[in-house]
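> Starting from these lines, generate the structure:
(one chain, ligands or ions: 1)
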Amino acid sequence: MNSDKQKFVEAARCGLKWLEVQAERKSAGQWKHEILKRVCNAVIDSSGDRVSFIAKDIYESEKEQESGSQLNKEFRRFGKILDSWAESFNEVAMDYGFSVYLSGKLLRPVQHNVLELYVRKIDSSATVSKDKIPQGHIRYTVWERKALPRWQQRLLNRDMGVGTHLFLAATFLLVPIVALIYAVALGFLTYYQPTIWNVSIFIGVICVEFFVLRGIYEFWYFHDRKIMMLPIQFTPLEQPPTALVMRGEKDKRWPVIHAMATSAECILCDGTVFLRKESHYRYRVIGACNRHPTEHRFTFDYTNMLGKVLAD
Ligand SMILES: [Zn+2]
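You can find the predicted model right below:
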């Protein structure tokens with residue numbers, strides 16, 4: 001077996017280990033996990049020969065063939081999210097001594113979606129393994145992200161290209177102007193025709209505009225601070241409070257926004273630490289224990305996923 005193939009086998013073993021770890025976290029049994037399991041087993045069984053798949057390779061039984069289009073859709077979605085597990089794979093690979101983990105890309109040559117796998121070397125600067133956590137620190141564990149709505153997927157975990165920046169620039173410029181014009185026009189209308197209907201609409205619109213503009217304001221400063229909490233309305237259910245992190249990456253021209261769904265075990269009690277906005281210093285993101293959120297508080301350093309006790 002040549003070394004390239006060995007790498008694939010090792011990466012596939014790492015994938016199976018990751019599934020075991022997820023099972024302990026009670027997020028197992030999803031369709032995505034089932035596909036990953038089949039892909040990893042296929043790579044291992046072929047001793048690293050098979051590294052590209054079409055949907056038919058994954059679903060074998062006759063029953064599964066029946067609803068072909070649905071399965072094709074799942075397969076396509078899997079190909080798109082595999083890469084977004086990288087941080088979580090990296091952590092498990094470091095904990096269990098693997099040097100590589102699996103990633104993949106969805107290609108579409110003619111008719112079929114082809115999932116092409118590749119291996120990635122672990123990045124030991126991204127976090128520390130679980131037995132090397134420094135004294136007095138907690139290590140944040142990256143959660144597997146639940147499927148985000150599509151418009152969020154377009155914004156998150158990808159190179160923010162010219163298109164995204166133009167869209168954001170237009171949002172920052174146009175939305176406040178439109179909001180102002182609308183508020184003034186409605187104000188005049190209410191002034192000259194003070195019906196209960198007009199007054200209600202006016203107050204409702206002002207409230208909505210307030211929240212929209214506040215959201216835009218926060219996002220505007222995100223460029224400066226590089227971190228913000230994803231508003232809870234946009235956080236998928238079953239996912240812990242999530243931070244958005246903007247960072248430059250090697251060989252990418254524009255910064256990339258990452259969604260960090262993460263938690264840690266509290267070292268002061270047996271609670272779990274989740275991210276939140278610090279209430280005193282508005283723009284800081286910290287970790288707070290769910291058993292004692294005001295006293296068991298930790299810093300959140302997303303560059304190495306460590307946190308130390310916050311003393312005031
Ligand atoms: Zn605690």
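
> in the lengthiest strand in the chain, what counts as buried?
Secondary structure of the chain per DSSP state E: the longest strand is strand 256-265. By 16 or more other Cβ atoms under 10 Å, the buried positions in strand 256-265 come out as 257-264. Where C-beta positions appear, they are placed from N, C-alpha and C, glycine not excepted.

> just stretch 43-51 next, same as before
Those would be 43-44, 48, 50-51, for stretch 43-51 by 16+ other Cβ under 10 Å.

> try stretch 264-275
Residues of stretch 264-275 classed as buried by neighbour count (16+ other Cβ under 10 Å): 264, 266-267, 271, 273-275.

> If we check the ion, which of the residues you listed are in contact?
By Cβ under 5 Å from the ion, the members of the buried residues of stretch 264-275 lying near the ion are 266, 271.

> Just want the residue of the stretch 1-150 of the chain that's nearest the ion.
Using Cβ to the ion, the single residue of the stretch 1-150 of the chain nearest to the ion is Ile138, 9.7 Å away.

> Ile35 reaches Phe53, doesn't it?
No: contact criterion Cβ atoms under 8 Å: Ile35 and Phe53 do not qualify, at 9.3 Å.

> residues from the chain in reach of the ion?
Counting by Cβ under 5 Å from the ion, the chain sits next to the ion at 266, 268-269, 271, 289, 291, 296.

> how about CSV for the residues you listed, with pLDDT and secondary structure added?
Output for the residues of the chain next to the ion, formatted as CSV (pLDDT from 0 to 100; DSSP: H, G, I helix; E, B strand; the rest coil):
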residue, pLDDT, secondary structure
Cys266, 94, coil
Leu268, 93, coil
Cys269, 93, coil
Gly271, 93, coil
Cys289, 95, strand
Arg291, 95, coil
His296, 93, coil
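
> how about low-confidence regions in the stretch 1-150 of the chain?
For the stretch 1-150 of the chain, the stretches with pLDDT under 70 are 1, 26-29, 60-68, 109-110, 145-150.

> swap the cut-off to 80 and go again
Segments of the stretch 1-150 of the chain classed as low confidence (criterion: pLDDT under 80) are 1-2, 25-30, 58-71, 80, 108-112, 144-150.

> the helices in it, which residues?
3-24, 31-45, 55-58, 62-66, 68-81, 86-95, 150-155 (DSSP state H, counting those that start in this stretch).

> Turn those into CSV, columns for distance to Ala311.
Listed next are the helices of the stretch 1-150 of the chain as CSV, based on distance: least, Cβ to Cβ, whole Å:
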stretch, distance to Ala311
helix 3-24, 32
helix 31-45, 40
helix 55-58, 51
helix 62-66, 56
helix 68-81, 39
helix 86-95, 27
helix 150-155, 36
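
> Quickly compare the ones you listed and say which is most buried.
Highest mean neighbour count among the helices of the stretch 1-150 of the chain (mean count of other Cβ atoms under 10 Å): helix 86-95, with a mean of 22.

> Just the CA trace of that helix, in PDB.
Coordinates of the C-alpha atoms in helix 86-95 are reproduced here as PDB (Å, rounded to 0.1, in the frame of the first residue of the first chain):
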ATOM      1  CA  ALA A  86     -13.100  20.400   9.500                       C
ATOM      2  CA  GLU A  87     -12.600  22.100  12.900                       C
ATOM      3  CA  SER A  88     -14.500  19.300  14.700                       C
ATOM      4  CA  PHE A  89     -12.500  16.600  12.800                       C
ATOM      5  CA  ASN A  90      -9.300  18.300  13.600                       C
ATOM      6  CA  GLU A  91     -10.000  18.300  17.300                       C
ATOM      7  CA  VAL A  92     -10.900  14.600  17.400                       C
ATOM      8  CA  ALA A  93      -7.800  13.800  15.300                       C
ATOM      9  CA  MET A  94      -5.600  15.600  17.800                       C
ATOM     10  CA  ASP A  95      -7.300  13.900  20.800                       C
END
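
> Pull the residues that contact it.
The set of residues external to helix 86-95 that reach it, using Cβ atoms under 8 Å, 6 or more residues apart in numbering, is 14-15, 17-18, 21, 98-103, 120, 122-124, 126-131, 141-144, 258, 260, 305.

> out of the residues you listed, which are inside strands?
100-103, 120, 141-142, 258, 260.

> Can you tell me how far the residue lying farthest from the centre of the chain is from Ile201?
Residue farthest from the centre of the chain, counting by Cα atoms, centre = their mean, is Tyr192 at 49.4 Å. According to Cβ to Cβ, to the nearest Å, Tyr192 and Ile201 sit 14 Å apart.

> next one: Ala55
Relative to Ile201, Ala55 is positioned 50 Å away (Cβ to Cβ).

> got a list of what Asp49 touches?
By Cβ under 8 Å, 6+ apart, Asp49 lies in contact with Lys5.

> Gly79 too?
Taking Cβ under 8 Å, 6+ apart, one finds 104-106, 113, 115 in contact with Gly79.

> repeat that for 6 Å
By Cβ atoms under 6 Å, 6 or more residues apart in numbering, Gly79 lies in contact with 106, 115.
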